[in-house]
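**Student:** Got a predicted structure plus its sequence, pasted below:
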Amino acid sequence: MNIAIIGCGFVADYYLAALPSHPQLRVIGVFDRLRERTEVFSKAYGVNGYGKLEELLTDDRIQLVLNLTNPRDHYTLSKACLNSGKHVYSEKPLAMEMNEARELVALARTKQLLIASAPCSALGETAQTIWRALRNSAVGPVRLVYAEMDDGMVHRMRFRNWHSLSGMPWPYKDEFEVGCTLEHSGYFLTWLVTMFGPAVAVTTFSSVRIPDKAPGEPLNLESPDFTVACIELKSGVVARLTCSIVAPHDHSLRIIGDGGVIYTKEAWDYRSVVYRRRMLTIRRKTFLSPFRTRLRLPASPFRKLGSKRPHTMDFARGPAEMADAIREGRPCRISPELSLHVNELALAIHHAARDGCHYRMTTTFDPIEPMQWAV
């Protein structure tokens, strides 16, 4: 499938670095509103650079556009791509406001196109291994899930010196202003609803713990840097998700069932090791076994990204899944409805202080199939 990229900033390197694992995707060209970034990026990867957005939108060779722009531009550019007859895979979130996200999904449906948003880590080996274990009742009925998405005190790190492989700076202003919840909660939200079904309600709390993240620079810092959400899922499972750029780095997941616990330490590593510890009952006491069992990761058709890559996550797996679904005439695992549902959840958590602490979900989606190689 012929693809084009809009937005040649920091995250674009992650996608280009992962493309060799997905030969069904062919980059026709790239565009950034800053001409210098277009030129640098196109030269770094040996691809065509468009001088104007209109040139990309009117190029009939392009079937799928990757929208890797600032989150506040996602709605406008995704809408333009859909109106040009092109499928869209957007970086998270799908849109900054729920009415805009609904409009995009409705527009795609009207034009018989697909739109979806990152993250695609639910298609990774670790997530699929956990999901398979749950389908096989590895820990019995699940009662609780604890998910942590903490990135440490980013404001005290040398974030101004962070650059991608092609030399693009980390957009710290956008990251701080958009907020860590809209940027990162989707990683676990996608896992949760994929494994346990749609959410029906969420109770949330949000706070700005670090009001001055970039001293001396004018930033709009109303976005929370700490949120916690208790999510009620349709299956009856309850999940607690924390997200911050304050607490020490922790991307772990624990799934607690009647028969034990399944856990992994790093959601951003598609091949993070998965363990199970059983619940034991001896005489009057019931406790978690001190011994753990390592669950085998399935053999997937994707090659492992090298350590010299800009990231261990396979960012291109989402666009590849969309391209495969279109070619095979089947539902896309990262469906428009799933993306809309995750967008609503993320916005509800992000806007806890504005919209209230208890939120009833208004969207849902049909169950998705596990990856064939993970069954």
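**Tutor:** Structure's in. What do you need?
**Student:** who's in contact with the closest residue to E175 other than its chain neighbours?
**Tutor:** Spatial nearest neighbour of E175, chain neighbours left out: E183 (6.3 Å); criterion: C-beta to C-beta, 6 or more residues apart in numbering. (Each C-beta comes from the backbone N, C-alpha and C, glycine too.) E183 sits next to 71, 92, 175 when contact means C-beta atoms under 8 Å, 6 or more residues apart in numbering.
**Student:** Give the helix, strand or coil label for the last one.
**Tutor:** Read it as E175. Classification of E175 using DSSP: H, G, I helix; E, B strand; the rest coil returns helix.
**Student:** ditto for the second one
**Tutor:** Classification of K92 using three-state DSSP returns coil.
**Student:** What's the per-residue pLDDT of it here?
**Tutor:** pLDDT, K92: 97.
**Student:** okay, now it: neighbour count?
**Tutor:** For K92, the count of nearby residues is 22 (other C-beta atoms under 10 Å).
**Student:** In contact with it, which residues?
**Tutor:** Counted by C-beta under 8 Å, 6+ apart, K92 has contacts 71, 117-119, 182-183, 186, 346.
**Student:** As JSON lines, these with secondary structure would be great.
**Tutor:** Output for the contacts of K92, formatted as JSON lines (three-state DSSP):
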{"residue": "P71", "secondary structure": "helix"}
{"residue": "S117", "secondary structure": "strand"}
{"residue": "A118", "secondary structure": "coil"}
{"residue": "P119", "secondary structure": "coil"}
{"residue": "L182", "secondary structure": "helix"}
{"residue": "E183", "secondary structure": "helix"}
{"residue": "G186", "secondary structure": "helix"}
{"residue": "A346", "secondary structure": "helix"}
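**Student:** Quickly check the residues you listed for the two that are furthest apart.
**Tutor:** Maximum pairwise distance among these (C-beta to C-beta): 13.3 Å, between P71 and P119.
**Student:** and those two? which has more neighbours close in?
**Tutor:** Taking neighbours as other C-beta under 10 Å, P71 and P119 compare with P119 leading, 25 against 20.
**Student:** Spit out the contact partners of the more buried one.
**Tutor:** 92, 186-187, 190, 313, 318.
**Student:** May I see the residues you listed organised as CSV, with distance to F226 added?
**Tutor:** CSV is the format used below for the contacts of P119 (distance: C-beta to C-beta, whole Å):
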residue, distance to F226
K92, 19
G186, 17
Y187, 17
T190, 21
M313, 23
G318, 28
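**Student:** how about V228, phi and psi?
**Tutor:** phi -140, psi 140 (degrees, to the nearest 10).
**Student:** quick one: it and G329, what's the gap?
**Tutor:** 42 Å (C-beta to C-beta, to the nearest Å).
**Student:** do the same with Y263
**Tutor:** Y263 is 38 Å from G329, by C-beta to C-beta.
**Student:** Tell me how far T281 lies from G260.
**Tutor:** Distance check for T281 against G260: by C-beta to C-beta, it reads 12 Å.
**Student:** scratch that, G85 is what I was asking about
**Tutor:** Counting by C-beta to C-beta, the gap from G85 to G260 is 50 Å.
**Student:** out of the two, which sits in the busier spot?
**Tutor:** Per other C-beta under 10 Å, whichever of G85 and G260 has more neighbours is G260, with 20 against 13.
**Student:** ok, now which ones touch the closest residue to R132 other than its chain neighbours?
**Tutor:** Leaving aside its chain neighbours, R132 sits nearest to A374 (5.7 Å; criterion: C-beta to C-beta, 6+ apart). For A374, the contacting residues are 125, 128-129, 131-132, 298, 300, by C-beta under 8 Å, 6+ apart.
**Student:** rewinding a little: format the contacts of K92 as JSON lines; extra columns: pLDDT and distance to G152.
**Tutor:** Formatted as JSON lines, the contacts of K92 follow (pLDDT from 0 to 100; distance: C-beta to C-beta, whole Å):
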{"residue": "P71", "pLDDT": "96", "distance to G152": "21"}
{"residue": "S117", "pLDDT": "97", "distance to G152": "25"}
{"residue": "A118", "pLDDT": "97", "distance to G152": "22"}
{"residue": "P119", "pLDDT": "96", "distance to G152": "19"}
{"residue": "L182", "pLDDT": "96", "distance to G152": "18"}
{"residue": "E183", "pLDDT": "96", "distance to G152": "14"}
{"residue": "G186", "pLDDT": "97", "distance to G152": "19"}
{"residue": "A346", "pLDDT": "97", "distance to G152": "21"}
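**Student:** Would you reformat those as JSON lines and include distance to D32?
**Tutor:** Formatted as JSON lines, the contacts of K92 follow (distance: C-beta to C-beta, whole Å):
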{"residue": "P71", "distance to D32": "16"}
{"residue": "S117", "distance to D32": "20"}
{"residue": "A118", "distance to D32": "18"}
{"residue": "P119", "distance to D32": "22"}
{"residue": "L182", "distance to D32": "22"}
{"residue": "E183", "distance to D32": "20"}
{"residue": "G186", "distance to D32": "23"}
{"residue": "A346", "distance to D32": "25"}
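**Student:** contacting residues for the residue of the chain positioned farthest from its centre?
**Tutor:** Computed with C-alpha atoms, centre = their mean, the residue of the chain farthest from its C-alpha average is R283, at 44.8 Å. Residues counted as contacts of R283 (C-beta under 8 Å, 6+ apart): none.
**Student:** I'd like to know how far it sits from R277.
**Tutor:** 20 Å.
**Student:** now M313, nearest residue through space, not along the chain?
**Tutor:** Take M313 and drop its neighbours on the chain: the residue closest to it by C-beta to C-beta, 6+ apart is W268, 5.6 Å away.
**Student:** Now do the one you found: how many residues are near it, please.
**Tutor:** Neighbourhood size, W268 [other C-beta under 10 Å]: 17.
**Student:** Thought A116 was touching I334, still the case?
**Tutor:** Yes. I334 lies in contact with A116 (C-beta atoms under 8 Å); the separation is 4.4 Å.
**Student:** Lovely, talk soon.
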